[in-house]
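Visitor: Fold the following for me, if possible:
(3 chains)
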Amino acid sequence: MGIEGIGARVVRKEDRRFITGKGRYTDDIVLKDTTYAAFVRSPHAHARILSIDTTAAKAAPGVIDVLTGADLAGDRIGGLICGWMIHSKDGSPMKAGAHPAIAHEIVRHVGDQVAVVIAETKAQARDAAELVEIDYEVLTAVVDPAKAQDADAPQIHPEAAGNLIYDWHIGDAAATDAALAAAARTIKLDIVNNRLVPNPIEPRVAIGSYDEAEEHFTLYNTSQNPHVARLVLSAFVGIAPEHKLRVVAPDVGGGFGSKIFIYPEETVCLWASKKIGGRPVKWTSDRTEAFLTDCHGRDHVTRAEMAFDADNRITGFKVHTIANLGAYMSTFSSSVPTYLYATLLSGQYAIPAIYAEVEAVYTNTVPVDAYRGAGRPEATYLIERMMETAARELGVDPADLRRKNFVKSFPHQTPVIMCYDAGDYEATLDKALAAIDYAGLPARKAASLAKGKRRGLGFSCYIEACGIAPSQAVGSLGAGVGLWESAEVRVNPVGTIEVLTGSHSHGQGHETTFAQLVNDRLGIGVNNVQIVHGDTDKVQFGMGTYGSRSGAVGMSAIVKALDKVEAKAKKIAAHLMEASEADIVIEGGEVKVAGTDKTMAFAHVALAAYTGHNLPAGMEPGLKESAFYDPTNFTFPSGTYICEVEVDPDTGVVEIERFVAVDDFGNVINPMIVEGQVHGGLAQGIGQALLEGVTYDMESGQLLTGSFMDYTMPRADDLPSFEVSTTVTVCPGNPLGMKGCGEAGAIGSPPAVINAITDAIGVRDIAMPATPSKVWAALHGAA
Amino acid sequence: MYETSYHRPTSLSEAEALMGADVDAKFLAGGQTLLPTMKQRLAAPSALIDLRHLPELKGISVEGDTLVIGAATPHAAVQTSAEVKRTIPAIAKLAGLTGDPHVRHLGTIGGSVANNDPAADYPSAVLGLGATIHTNRRTIAAEDYFQGMFTTALEDGEIIVKIAFPIPLAANYEKFRHPASRYAMAGAFVAKTTGGVRVAVTGAAQGGVFRATAFEDALGADFRPEALDGLSVDADDMLSDIHGDSAYRANLVKVMVKRSVAGLL
Amino acid sequence: MTAVTLNVNGKRYSADVEDRTLLVQFIRETAGLTGTHVGCDTSQCGACVVLLDDVAVKSCTMLAAQANGGSVTTIEGLARGDQLHPVQAAFREHHGLQCGFCTPGMIMSAVDMIRRHPEGLDEATIRHELEGNICRCTGYHNIVKAIQSAADEMSALPAAAE
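Guide: Residues are numbered from 1 along each chain as shown, chains lettered A, B, ... in the order given. Below is the predicted model of the structure:
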């Protein structure tokens, strides 16, 4: 490991611009003659639009135009799509309703866009938006997924009878039922996975700009995957063919999944720019709009039953889940409660029979899609709550029960598609047990009790699937896209390097870790390596960043491109130094002939490649290579999290005394960045467990947690310092042996927290978020 | 925010004249509540009359057995004031628990008391100490001043100039913060005075700040947390929302009062 | 409209702006300094924190007119040329930022926090003092470490504090 190579704690290259205020986020971009869009949004959860009168708004100061869903339909602009086809048990395709970028005739959630005002200033647009007069016929709304299929529930989309989008299943029903029937003990659990709002601190922004001379559109947006945005806006929405549409996602202020999706405002800003004659149209979400329009996460209602034999080995696991997908199907929403959820229901355990049914329903709520972890937190929460509950009811130590049932040999084929390639679950458990001082727990509990507090400890042994994923495999499961990644490595004539990647960094530090990889291979200093991403005009097609895939997939593509660069450089060097190609080695920025003192700077080879004066016969000039990498399997990060809490019975306040996280991410490029990813994930997972949760008014469908005044974001004083460490089993599926680290913290932590609280206060279950009032009520036997 | 006009008077009389000229104007103190409300388009004053620059509203002083705090004094100044810490440290503590550091640099005691948010901290100190509100027109006793959430005895155009707090024998403030907003879900201001024990509670009740008289009586007889065992505030009078129902808030009131008392032992 | 003059990072900016113009709008749009961010509309996230006459304020919760005549320091005004302020340097050294969006507000808040606590800072105080700043990326762990480190360094070298 060099000081800037793989494994080094290199401080981030990108930080300098961020800490000096020089970051360039989408809202910082003001194009010449920019106009500003303000959306008129539905105040009702479900209503029929009877009429829209834009007269007064059009006459307001500064207003350039007011556009509605009828205008959009008239211009034959297509609706948004869900790009992953799921088939129901009976083989029928999922029932997706229309998703127009501006609602037409019916509004389906509070915040649904009904009209857009384009004005000279943002304030004028907002002022005029209030002058758009809309007459609604208010319809009954349903927001509870468990009630969406009730006979008296309103029909939200005509395409989906009874609001059922799909009724999907996986696994072996007969074998699982047989296991349950033959079980020595069965444990049942009803679990709700609470709905969350991603809330990256940068709100979404879209700037649409139409160049009449070139008949070309440009979209600047806050996207995790600009190429996918361009593909959807081109091929499905029909804004323009791909070569006439450029999408630029500059510095992006966090995403956590919510900026994967293609949103209505992007369509509208592009379309409106052309409509008003080519002036740019800019929309900047405020936080209130973000709560009402950014896709939410989670929202599962689950009933599960686990079978154990007399020796406490798991023999079967049966799961029924209702997943709330909201009012419209967002870009990848269908995949989250199916292939990203139920395929992980085996957890870290050898379970011979699993059967899961998932019903996805429409409700009059904000669309739900992937949020950090996406399906895997829901699976982990279910399994790890189940294991803890089982241990208590079987009367065995929760660590022992887990250990007994761990998968211990690899590869391991689960009954739910996944084939675990590598892992050592006992290693992470043992390391975590040692870190928390498990043996000392009874004494610590007694000490807490002596001061009137209650102490508890909770485990979570999670597994997840990252690096999504082999294109052929996901294609066979319904994905509308391939999930490879691309890279191009450009060596400049002076020996500096640009790496163009199809992945996208919005906080993950790619500019540093990707440069470390180049440094490791070629010895070029990280400051002589530029990582280029986020602009479809600069970078070849790529799939973007989500699912902890940028390392395992994105960097693997860079490895492949570097292989080609290295091979060509060696050929040139061998020619120049009159040596055998097989003897050439590249290290420390030098190209050397092994076993001799012959050497030349890598930069010299680069220059030779571009002058072309003296190249091997028949070789093309230049030193620039590209590659596409398609993974051979998912990767399977895993780990053990242990949370220890102290509860104040007077107020119900839960203090996290310690949080130990031991993760196996395979090989790690930059431990500093990896630890940061874990910290952030833990905060979001602990947030889900203790603080965060969406509440809708069940009757009106109004969002009651629609601002930071009501939706509890984790703050510094809600959280402890975390104790994070790693173990390593190398991932055999990619050249760097990496597994991915972006989501683990959010996936593994919620059950650890809830297991700790239920241990502390002696209840079977408590709903997330376990707020002080809920904990107090549980302690005092109230509802 | 709707369009408005901003005025920065430099004297009390100028502020009064500006308000007299525009019935839809509002006084602007620190603005830490009013401006967010305006940004949400939930308030649309035609004019904002900034009170932060009026010399009459400035300063902290000790006058005999009274601590006088000018209405335009920001929370941070109260929090760090040597006079406040010397005479009524509970008020400095309360100020330090109000909002966050940035809000405390702008938000003022006068603005907080004039707004009378049911979850604001200052009303509990004003009522708990039996303070006197000095306005540009008169003086108002705390008991007469608070008239239910967001409602006070202030008349149109009336400006709080200063608030005079009788210095107690001892006082303490304990706050249970709303998890999201960080306003008080239950804030208990307990004061031992020569006239007896006073307990004022903010954040919890539907009617805004109130005196827990049953608690006062019990503590007057026996100033220990245990004196409240068996007593309670009526849950029916408490607020209820997704972060805590009325039973929980009633519990919090008692716990916070007990902790406030415990801090004085 | 109202005439507003502000000294921002040592440079004078004068403009006629709508009375409703927020200080953050003046900074971003009139002065063109986009390092100061807006992350919420209820005055809680703290992405907009700047120093006004040397104390931290939320520039989204103040009218530009209220600040008229004042002196503003934004994130762009913190470093001296190439020399980072100790708080900026500590954030980088301790990986106290990821996406960078809350970072300007965090750093300005930390500068103010350290100024207000010449006696030094411990972890509990730092966490409490960060009540007005929300970060969604870091879990605060490394932000707390960065502020602690900068506070320690600045108290050891009082001359470097300003």
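Visitor: mind listing what's buried in stretch A:458-467?
Guide: In terms of neighbour count (16 or more other C-beta atoms under 10 Å in any protein chain shown), stretch A:458-467 has its buried residues at A:458, A:459, A:460, A:461, A:462, A:463, A:464, A:465, A:466, A:467. Any C-beta I mention is one placed from the backbone N, CA and C, and that applies to glycine too.
Visitor: Among these, which pair sits farthest apart?
Guide: Checked with C-beta to C-beta, those reach their widest spread between A:458 and A:467, with 28.3 Å between them.
Visitor: Report the contact partners of the nearest residue to residue A:45 once chain neighbours are set aside.
Guide: Closest residue to residue A:45 apart from its sequence neighbours, by C-beta to C-beta, 6 or more residues apart in numbering or on different chains: residue A:701 at 2.4 Å. For residue A:701, the contact set (C-beta atoms under 8 Å, 6 or more residues apart in numbering or on different chains) comprises A:44, A:45, A:46, A:109, A:110, A:141, A:142, A:143, A:364, A:365.
Visitor: how about 6 Å then?
Guide: A:45, A:110, A:141, A:143, A:364 (C-beta atoms under 6 Å, 6 or more residues apart in numbering or on different chains).
Visitor: Among these, which pair sits farthest apart?
Guide: A:110 and A:143, at 9.7 Å, using C-beta to C-beta across the contacts of residue A:701.
Visitor: distance of the closest residue to chain B within chain C from residue C:121?
Guide: Closest to chain B within chain C is residue C:132: 2.7 Å, counting by C-beta to the nearest C-beta. Residue C:132 is 16 Å from residue C:121, where distance means C-beta to C-beta, to the nearest Å.
Visitor: which residues of chain C fall in helices?
Guide: Under the criterion DSSP state H, helices of chain C are mapped to C:23-25, C:64-67, C:86-93, C:103-116, C:123-129, C:141-156.
Visitor: wait, I meant the stretch 151-265 of chain B
Guide: With DSSP state H, counting those that start in this stretch as the criterion, the stretch 151-265 of chain B has helices at B:213-221, B:246-262.
Visitor: contacts for the first one?
Guide: Applying C-beta under 6 Å, 6+ apart, the set of residues contacting helix B:213-221 from outside is B:196, B:197, B:199, B:227, B:228, B:231, B:257.
Visitor: Can you get me a residue count around the fourth one?
Guide: Looking back up the chat, that one is residue B:227. A count of nearby residues for residue B:227, using other C-beta atoms under 10 Å in any protein chain shown, gives 18.
Visitor: Test my guess that residue A:124 contacts residue A:57.
Guide: No. The criterion here is C-beta atoms under 6 Å, and residue A:124 misses it with residue A:57 at 10.4 Å.
Visitor: More neighbours: which of those two?
Guide: Neighbour count, other C-beta under 10 Å: between residue A:124 and residue A:57, residue A:57 has more, with 24 against 21.
Visitor: show me what contacts the more buried one?
Guide: Counting by C-beta under 6 Å, 6+ apart, residue A:57 has contacts A:66, A:117, A:128, A:131, A:132.
Visitor: Tell me how many other residues surround the last one.
Guide: Read that as residue A:132. 23.
Visitor: Surely it touches residue A:114?
Guide: No. Counting by C-beta under 6 Å, residue A:132 sits too far from residue A:114 to count as a contact (7.8 Å).
Visitor: pretty sure residue A:633 is touching residue A:733, no?
Guide: Yes. Between residue A:633 and residue A:733 there is a contact at 4.5 Å, judged by C-beta under 6 Å.
Visitor: Turn the helices of the stretch 151-265 of chain B into a markdown table, including distance to residue A:14 and mean pLDDT.
Guide: Formatted as a markdown table, the helices of the stretch 151-265 of chain B follow (distance: least, C-beta to C-beta, whole Å; pLDDT from 0 to 100):
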| stretch | distance to residue A:14 | mean pLDDT |
| --- | --- | --- |
| helix B:213-221 | 56 | 97 |
| helix B:246-262 | 45 | 98 |
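Visitor: Residue C:80: which of those helices is closest?
Guide: Going by C-beta to C-beta, the one of the helices of the stretch 151-265 of chain B nearest residue C:80 is helix B:246-262, 47.0 Å.
Visitor: What residues of that closest one count as buried?
Guide: Result for helix B:246-262 [16+ other C-beta under 10 Å]: buried residues B:246-261.
Visitor: now, the most widely separated pair of those?
Guide: B:246 and B:261 (22.8 Å).
Visitor: still on that earlier bit, would JSON lines of the helices of chain C with distance to chain B be doable?
Guide: JSON lines is the format used below for the helices of chain C (distance: least, C-beta to the nearest C-beta, whole Å):
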{"stretch": "helix C:23-25", "distance to chain B": "10"}
{"stretch": "helix C:64-67", "distance to chain B": "4"}
{"stretch": "helix C:86-93", "distance to chain B": "15"}
{"stretch": "helix C:103-116", "distance to chain B": "7"}
{"stretch": "helix C:123-129", "distance to chain B": "6"}
{"stretch": "helix C:141-156", "distance to chain B": "13"}
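Visitor: and residue A:218, how many neighbours does it have?
Guide: Residue A:218 has 22 nearby residues by other C-beta under 10 Å.
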